[in-house]
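Trainee: attaching a predicted model along with its sequence, questions to come.
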Amino acid sequence: MSHIVIIGAGECGARAAFALRERNFEGQITLVGAEEHLPYERPPLSKDALLNGLEPKLVSDAARYADAGIDVLTGLSVESIDPAGKTARLSDGQILAYDRLLLTTGARPRPFPGLSGANHRIRTLRTHGDAVAIRASLQPGAHLAIIGGGFIGLELAATARKLGAKVTLLEGLPRILSRGVPEEIAAVVAARHQAEGVGILCGVKIQSLDESRDDAKVLLEDGRVIAADLIVVGIGAIPNVELARDAGLAIDNGIAVDEHLQTSAPDIFAAGDCCSFPLTHYDGRRVRLEAWRNAQDQGTLAAANLLGAAEAVSAVPWFWSDQYDLTLQIAGLADGATQAVWRHVAEDAVILFHLDADGRLIAASGIGPGNSVARDIRLAEMMIAARVRPDPVALAAPGTKLKTLLAA
Ligand SMILES: Cc1cc2nc3c(=O)[nH]c(=O)nc-3n(C[C@H](O)[C@H](O)[C@H](O)COP(=O)(O)OP(=O)(O)OC[C@H]3O[C@@H](n4cnc5c(N)ncnc54)[C@H](O)[C@@H]3O)c2cc1C
């Protein structure tokens, strides 16, 4: 095999490219990315980057790609692929011939229904350019309206408060973080935001968003109007599957891959935010994750399998979010849980363990300042992977070392 092409120069694509070299692949590697920058980290875009300067935090600098012999083509998108002829056509007309292909095309923000065209005061947050534009509007005293009480909206709310902006967050469902975060943990997050002065309105129905030269407006179905300097819409992401779909690859809530990250086409793999895959620890249930570590892990795994290793996905899903001095960490998937067990890790740090009907630990969600829950969540991950059935009383007792429950 002499040429591996990776489409999508984000976290996952970059990790895969380096992992190919770490596995001693000596052929040509081409990483193609539609953005102008070398691959950069997205998590800081809603956190530190907005506070501490807006240079993108690169995954690696140009010299490292050069040293590793990885050709990075930035500012170019792949417009079509031909699985039979094994070629990819780029936006500048170039045709790349590949032996094996990896799709790491990621996801893009879900647009607000009915909104189209260039909106200067109504934005989304996914790219470095989005963060630069949002930062320019976050002057002290400016009013930011955030649509959607998910992670990106909440992190942005915390950062905007630190910058002195007034923040109103609107959520259509009865509570924030309803996707994947237990109610009890979401309540801790909501209380902290309210204490920091964020106005949270849940259960609101938005009729439309509107912008003029001087402001932007959220029109609610009950007739209320919320005027703001900037509206940021954070209502989820949709996977970039068009390239794969047009090439005839199977799609199922993302580019469908098997446990080896192989798509329905021979010699084409997919990884990261763009793909859905079967999760071994959850009876093969198909999921698509939008999480930084998953992008890294799958980039590494895809590299191994592009080279013929046939290794299966085995990681337990893990996600973190930073808001103010609080860090929230979630390991596993809690839906399907029939029992929840609280554990107080410290005065201001808690973990909620989720067990299924058989008593197996299937998820753990923790929240506390800094790294306070990190160690126990790491152990919980190991317990989930080991499919243990821990004694709930022991789990709850702060005196029990979680390590001792690993063999339960
Ligand atoms: C603001 C923000 C904060 C986040 N915070 C956290 C966090 O705290 N914790 C956490 O776990 N995760 C977080 N995430 C999620 C995490 O960043 C993503 O899961 C991760 O970036 C996914 O990496 P990826 O490489 O799969 O996709 P992406 O990062 O989306 O990269 C895909 C790349 O492919 C390019 N591309 C797409 N189609 C083509 C094409 N046809 N041709 C060429 N290029 C193409 C795209 O332009 C993009 O650059 C955050 C995400 C955002 C946006």
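Mentor: Structure received. Numbers count the residues shown, from 1 in each chain.
Trainee: which residues in the stretch 1-150 of the chain form strands?
Mentor: 3-7, 28-32, 70-73, 78-82, 87-90, 95-97, 100-103, 107-109, 122-123, 143-147 (DSSP state E, counting those that start in this stretch).
Trainee: tell me how far the second one is from the chain's mean position?
Mentor: Put plainly, it is strand 28-32. 24 Å (CA atoms, centre = their mean, to the nearest Å).
Trainee: packing partners for that strand?
Mentor: Other elements packing on strand 28-32 under the criterion 3 or more CB pairs under 8 Å, 6 or more residues apart in numbering; DSSP states H and E are strand 3-7, helix 11-22, strand 70-73. (Glycine included, C-beta is placed from N, CA and C.)
Trainee: any idea which of the ones you listed gets closest to the ligand?
Mentor: Each of the helices and strands packed on strand 28-32 has some distance to the ligand by CB to the nearest ligand atom; the shortest is helix 11-22, at 3.3 Å.
Trainee: list the buried ones in that closest one?
Mentor: Residues of helix 11-22 classed as buried by neighbour count (16 or more other CB atoms under 10 Å): 11, 12, 13, 14, 15, 16, 17, 18, 19, 20.
Trainee: before we move on, what about stretch 127-136?
Mentor: Buried-residue list, stretch 127-136, by 16+ other CB under 10 Å: 127, 128, 130, 131, 134, 135.
Trainee: report whether it contacts the ligand.
Mentor: No: with CB under 6 Å from any ligand atom as the criterion, the ligand is not reached by stretch 127-136; the gap is at least 7.4 Å.
Trainee: dump that stretch to CSV, keeping only the CA atoms.
Mentor: Extracted C-alpha coordinates of stretch 127-136, given in CSV (Å, rounded to 0.1, in the frame of the first residue of the first chain):
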residue,chain,number,x,y,z
THR,A,127,-14.6,27.0,14.0
HIS,A,128,-11.8,29.3,14.9
GLY,A,129,-13.5,31.9,12.7
ASP,A,130,-16.7,31.6,14.6
ALA,A,131,-14.9,32.2,17.9
VAL,A,132,-13.2,35.3,16.5
ALA,A,133,-16.5,36.7,15.4
ILE,A,134,-18.3,35.9,18.6
ARG,A,135,-15.4,37.3,20.7
ALA,A,136,-15.7,40.7,18.9
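Trainee: list the contacts of it.
Mentor: The contact list for stretch 127-136 (CB atoms under 8 Å, 6 or more residues apart in numbering) reads 35, 37, 40, 45-46, 49-50, 54, 56, 120, 123-125, 156, 230, 232.
Trainee: next secondary structure after the helix or strand hosting residue 154?
Mentor: Using DSSP states H and E, residue 154 sits within helix 151-162. Remark: after helix 151-162, the chain's next helix or strand is strand 166-171, criterion DSSP H and E.
Trainee: briefly note if the longest helix along the chain comes near the ligand.
Mentor: In the chain, assigned by DSSP state H, the helix with the most residues is helix 292-306. Yes: residues of helix 292-306 contacting the ligand under CB under 6 Å from any ligand atom: 292, 293, 295.
Trainee: same for the very next helix or strand once past that helix, what does it pack against?
Mentor: Next along the chain after helix 292-306, taking DSSP H and E as the criterion, comes strand 318-323. Applying 3+ CB pairs under 8 Å, 6+ apart, one finds that strand 318-323 makes contact with helix 151-162, helix 183-195, helix 292-306, strand 326-332.
Trainee: go with 10 Å
Mentor: helix 151-162, helix 183-195, helix 292-306, strand 326-332, strand 361-369, helix 374-385 (3 or more CB pairs under 10 Å, 6 or more residues apart in numbering; DSSP states H and E).
Trainee: local confidence estimate at the residue lying closest to residue 25 once chain neighbours are set aside?
Mentor: Excluding the flanking residues, the one nearest residue 25 by CB to CB, 6 or more residues apart in numbering is residue 307, at 5.9 Å. At residue 307, the model reports a pLDDT of 98.
Trainee: which residues touch residue 307?
Mentor: 1, 4, 19, 20, 23, 24, 25, 27, 100 (CB atoms under 10 Å, 6 or more residues apart in numbering).
Trainee: quick check: the gap between the residue nearest to residue 282 when sequence neighbours are not counted and the ligand.
Mentor: Nearest non-adjacent residue to residue 282, counting by CB to CB, 6+ apart: residue 333, 6.0 Å away. Separation of residue 333 from the ligand (CB to the nearest ligand atom, to the nearest Å) stands at 14 Å.
Trainee: report how many residues lie close to residue 333.
Mentor: For residue 333, the tally of surrounding residues (other CB atoms under 10 Å) stands at 20.
Trainee: residues contacting it?
Mentor: Counted by CB under 10 Å, 6+ apart, residue 333 has contacts 180, 279, 281-282, 285, 287, 289, 316-317, 354, 362-363, 384.
Trainee: redo that, cut-off 8 Å
Mentor: 180, 279, 282, 285, 287, 317, 362, 363.
Trainee: same deal with residue 44?
Mentor: Counting by CB under 8 Å, 6+ apart, residue 44 has contacts residue 57.
Trainee: tell me the pLDDT of it.
Mentor: pLDDT, residue 44: 96.
Trainee: then residue 116?
Mentor: 71.
Trainee: of the contacts of residue 307, buried ones?
Mentor: Using 16+ other CB under 10 Å, the buried members of the contacts of residue 307 are 4, 19, 20, 25, 100.
Trainee: report how many residues lie close to the closest residue in space to the third one that isn't next to it in sequence.
Mentor: When you say that, I think you mean residue 20. Spatial nearest neighbour of residue 20, excluding adjacent residues (CB to CB, 6+ apart): residue 303 at 4.6 Å. Neighbours of residue 303 under the rule other CB under 10 Å: 27.
Trainee: wait, residue 303 touches residue 23, no?
Mentor: Yes: in terms of CB atoms under 8 Å, residue 303 counts as a neighbour of residue 23; the distance is 6.1 Å.
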